[in-house]
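S.K.: Requesting a structural model of the entry that follows:
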Amino acid sequence: VLLFRSAQGVLTNPQPLLAFLRKSKSATMPNPIATFDTTMGIIKCEIFLEQMPITASNFIDLANSGFYNGLHFHRVIPNFMDQFGCPFSKDPKSSRSGTGGPPDGTFKNLKTGATEMRRNGGNIQDEHAARLSNEPGTLSMANTGAPNTGGSQFFMN
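M.R.: As a prediction, the model looks like this:
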C-alpha cells in the first residue's frame, strides 16, 4: 500500500498517464516520492518502501523502466477509485484494458538488496507485513483476489 499525498478526487475520466520517480531524502519525508504527470495535472505520492518493500520496489522498478508511460486510467469510478497500470491501456479503447501486467523477470528489493521475481504473468509475492488499509487518499496494488496476483496495476482510492 502506498500513500497518495495530494488532494483527493483529482481524476474523474481516463487520461494518459506518464509516471516518473523522484526520491526525497529530507528528515520529514524519507520515503521516495512518485510524481504522476497526467493530462489532469500532477499527483505526488509517498512510497512506503520501509513498510512494503517488495510492492514498492516493484512499482519503482516499473516506473523507472518507463513501463507506465503513456498508459490510460482504464477503470474510473467517480468518488471511489481510479485504476491504472495495465499495458493494454495504451489504447484507451482496448477491450483488454485491465487484464495485463508486466513481463516476467527480476527486480531489486530496494530495502533488502535481494533479487525479487515477477512470474506467472508478471505477478509478485504478496506482502502482509504492514497493516495499511485502502482508505481514501491511498494508492494500492490491485490483484485478482487470488494470492500473489499483483503485478503492475494500482488504484487510487
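
S.K.: What segments of this structure are strands?
M.R.: 2-4, 16-23, 32-38, 41-46, 71-72, 75-77, 81-84, 105-108, 115-118, 138-141, 154-156 (DSSP state E).

S.K.: so how far is the shortest one from its chain's centroid?
M.R.: Read that as strand 71-72. Distance of strand 71-72 from the chain centroid (C-alpha atoms, centre = their mean, to the nearest Å) equals 12 Å.

S.K.: Output the contacting helices and strands for it.
M.R.: Packing partners of strand 71-72 (3 or more C-beta pairs under 8 Å, 6 or more residues apart in numbering; DSSP states H and E): strand 16-23. Every C-beta, even on glycine, is put in place using the N, C-alpha and C of the backbone.

S.K.: For the strand it packs on, the averaged confidence score.
M.R.: On average, the pLDDT along strand 16-23 is 37.

S.K.: And Phe154, how far from Gly113?
M.R.: Distance, Phe154 to Gly113, by C-beta to C-beta, to the nearest Å: 24 Å.

S.K.: Compare those two and say which is more crowded by neighbours.
M.R.: Phe154 (25 against 7; other C-beta atoms under 10 Å).

S.K.: partners of that one in the sheet?
M.R.: As for beta bridges, Phe154 partners with Phe84, Met141 under DSSP bridges.

S.K.: where's it relative to Lys90, distance?
M.R.: In this view, Phe154 and Lys90 are 16 Å apart by C-beta to C-beta.
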